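Q: Following is a predicted model, sequence given first.
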Amino acid sequence: MGKLTKNQKEAHAKIDSSKLYGVKEASELIKEITKTKFDASVDLAIRLGVDPKKANQMVRGVVTLPHGTGKDVKVLALVTPEKEAEAKEAGADFVGLQEYLDKIKGGWTDVDVIVTMPSVMGKLGPLGRVLGPRGLMPNPKTGTVTMDIGKAVSDVKAGKIDFKVDKTGIVHAAIGKVSFSADKIAGNAQELLDTLNKLKPASSKGVYMKSIYMSSTMSPSVQVDPKEV
């Protein structure tokens, strides 16, 4: 690590690295030590005692953060004409089908989430190499391939996020912004942790939540006590 800036040094000094913090305490500390000019994102990294290479230990799911994500999520609804009004009313930023399929084919991916219906999924197959690496491929498991387009759009807009364990056994998720109150950050964190607890695979032995770190875009990490969760 290179030289620390004055702010980083102060931030490190405020964290007791031998201590495990409660969720609320960690949330307060992150707010205190983040000195960015922009509204930084607050992130959780949870190391799970699972082997993601085993299909029956793949932890993935969705959670609706009670206080939203704090970011304006841009949603594209790829739908047939009879569903267009429903998607627009629910707040989709882009609505249509062929013109957007052509735009994506041309490399356009200026959206955060794509919602579509089962009958359209076949048309998205060839676009997998554009959408896959960017995490934009709709998936029935996360509720983004559905006939209930209006609900799917409004859920995403309200703060529904999906998460999955990476190949090193860690779940990373953004759970809000530093401008949120500590209570809201803690509430969102707790909701994600509770959801992860419910998803513990039956085949996972030993300690399930090994470590939990909370950080903001520019801050050092604060370790949260998994036993509290």
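A: Perfect, I can see it now.

Q: Could you point out the longest helix of the protein?
A: helix 182-198 (DSSP state H).

Q: how close does Lys105 sit to Arg129?
A: 11 Å (Cβ to Cβ, to the nearest Å). Every C-beta, even on glycine, is put in place using the N, C-alpha and C of the backbone.

Q: Extract the C-alpha trace of stretch 40-48 and format it as CSV.
A: Presented in CSV, the C-alpha positions along stretch 40-48 are these (Å, rounded to 0.1, in the frame of the first residue of the first chain):
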residue,chain,number,x,y,z
ALA,A,40,-20.1,7.1,-1.5
SER,A,41,-21.7,3.7,-1.6
VAL,A,42,-21.7,1.6,1.5
ASP,A,43,-20.8,-2.0,0.9
LEU,A,44,-20.9,-5.3,2.7
ALA,A,45,-18.5,-8.2,2.1
ILE,A,46,-19.6,-11.5,3.7
ARG,A,47,-17.3,-14.5,3.7
LEU,A,48,-19.3,-17.7,3.8
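
Q: about what we covered before: Lys105 and Arg129: which is more packed in?
A: Lys105 (11 against 7; other Cβ atoms under 10 Å).

Q: start to end distance for stretch 165-185?
A: 21 Å (Cα to Cα, to the nearest Å).

Q: Hmm, I typed the wrong one, I wanted stretch 63-74.
A: 18 Å.

Q: residues in contact with it?
A: Contacts to stretch 63-74, defined as Cβ atoms under 8 Å, 6 or more residues apart in numbering, come from residues 39, 41, 93-94, 110-113, 155-163, 174-177, 179-180, 184, 187-188, 191-192, 195.

Q: where does the protein dip in pLDDT?
A: 1-2 (pLDDT under 70).

Q: one step back: which helices and strands does the next helix-or-strand element following the longest helix of the chain pack with?
A: With elements assigned by DSSP states H and E, the helix or strand that comes after helix 182-198 is strand 209-216. In terms of contact count using 3 or more Cβ pairs under 8 Å, 6 or more residues apart in numbering; DSSP states H and E, strand 209-216 is assigned the packing partners helix 23-33, strand 41-48, helix 182-198, strand 222-224.

Q: What subset of the contacts of stretch 63-74 is buried?
A: The neighbour count (16 or more other Cβ atoms under 10 Å) marks 39, 41, 93-94, 111-113, 155-157, 159-163, 174-177, 180, 184, 187-188, 191-192, 195 as buried among those.
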